[in-house]
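Q: what would the 3D arrangement of this be:
(one chain, ligands or ions: 1)
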Amino acid sequence: MSASTNLKPPERHPDAPAPGELLGPHYDECFGCGGGQEHGLHLAARAGEGVSVTAEFTVKKAHQGAPGLAHGGVLASALDETLGSLNWLLRTIAVTGRLEVDFVRPVPVDTKLHLDAKVTGVKGRKIYSTATGRLGGPDGEIAVKADALFIEVKVDHFIEHGRDEEIKAAMDDPDQVRRARAFEVNP
Ligand SMILES: CCCCCCCC(=O)SCCNC(=O)CCNC(=O)[C@H](O)C(C)(C)COP(=O)(O)OP(=O)(O)OC[C@H]1O[C@@H](n2cnc3c(N)ncnc32)[C@H](O)[C@@H]1OP(=O)(O)O
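A: As a prediction, this is how the structure comes out:
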């Protein structure tokens, strides 16, 4: 995704969570971060400096592709979720338009994947970002990496396309911040 090379990285939103702060799940039923998904990734992301995040995800038995190894699609989901959480630091609602993944090393079950991601540039509604997943620690060897293009959308994207049942349940949540974050809207 070379279109981002000439772009300047954006400023973090003044109300973005401070560096080091856990972002917490944005939606309880999210496969990437929600506590309500038994076999979900339960990925926990933390704000970094600028528009960057770090995250951790432990590969479980339910995430296998080959025996004892993480499924590639699950690893792509972990990268997608980490990259998606960057938008919270911009306070922009956006969805993944394009995700390009390199699988560098196999990732065994019970491994903790240490992820980091940052926004590299913004042009109009297009948000370019990049992420890395490492083994053994935040400075360990690279197992997966991705470049992504997120596209800014209006909240109507979710209201128009989502299933009524889940939209209604999310909107009826009495917690205002949780209600807003389900749709990634600025609270
Ligand atoms: C904390 C949150 C964690 C969340 C993590 C998970 C995030 C996700 O997985 S989101 C779910 C997966 N993604 C989706 O479902 C998105 C489905 N796609 C769509 O709805 C639409 O294609 C959408 C909204 C991305 C773009 O459609 P639309 O709004 O009509 O935009 P459109 O006008 O076509 O494109 C806008 C710009 O983006 C570019 N663009 C759009 N899609 C792509 C793409 N796939 N590749 C390259 N460029 C693209 C267009 O070329 C255009 O560029 P320019 O402004 O320079 O002309």
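Q: what's the first helix or strand after the lengthiest helix in the chain?
A: Selection of the longest helix in the chain by residue count, based on DSSP state H, yields helix 72-90. Past helix 72-90, further along toward the C-terminus, the next helix or strand under DSSP states H and E is strand 94-103.
Q: what's the separation between the spatially most central residue of the chain and residue 102?
A: For the chain, the residue sitting closest to the mean C-alpha position, by C-alpha atoms, centre = their mean, is residue 81 at 2.2 Å. In this structure, residue 81 lies at 17 Å from residue 102, with C-beta to C-beta, to the nearest Å as the measure. Glycine gets a C-beta too; all of them are placed from N, C-alpha and C.
Q: who in this protein is up against the ligand?
A: Contact residues (C-beta under 6 Å from any ligand atom) of the chain with the ligand: 26, 32, 80-81, 84-85, 88, 95-98, 124-126, 149, 151, 153, 184.
Q: write a PyMOL command that selects only the buried members of these.
A: Selecting only the buried members of the residues of the chain next to the ligand in PyMOL, with burial defined as 16 or more other C-beta atoms under 10 Å, works like this:
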select buried, resi 26+32+80+81+84+85+88+96+126+149+153+184
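Q: got the contact list for whatever residue of the chain ends up closest to the ligand?
A: The nearest approach of the chain to the ligand comes at residue 84, 2.5 Å away (C-beta to the nearest ligand atom). Counting by C-beta atoms under 8 Å, 6 or more residues apart in numbering, residue 84 makes contact with 32, 94, 96, 150.
Q: am I right that the first one falls within a strand?
A: Yep, that's residue 32 we're talking about. No. According to DSSP: H, G, I helix; E, B strand; the rest coil, residue 32 belongs to no strand; its state is coil.
Q: is it in contact with residue 44, as I believe?
A: No. In terms of C-beta atoms under 8 Å, residue 32 does not count as a neighbour of residue 44; the distance is 10.4 Å.
Q: and the helices in the protein, which stretches?
A: Along the chain, the segments classed as helices by DSSP H run 72-90, 156-161, 164-171, 176-182.
Q: any weak-confidence spans in this protein?
A: When the per-residue scores of the chain are filtered using pLDDT under 70, the ranges that remain are 1-5, 185-187.
Q: 50 instead, please
A: Screening the chain residue by residue with the criterion pLDDT under 50, one finds the ranges 187.
Q: mind checking how far the residue in it sticking out farthest from the centre is from residue 125?
A: Most distant from the centre of the chain: residue 67, at 26.2 Å, with distances by C-alpha atoms, centre = their mean. Summarising the geometry, the distance separating residue 67 from residue 125, computed by C-beta to C-beta, is 42 Å.
Q: and if you look at residue 175?
A: Counting by C-beta to C-beta, the separation of residue 175 from residue 125 is 29 Å.
Q: with that, I have no additional questions.
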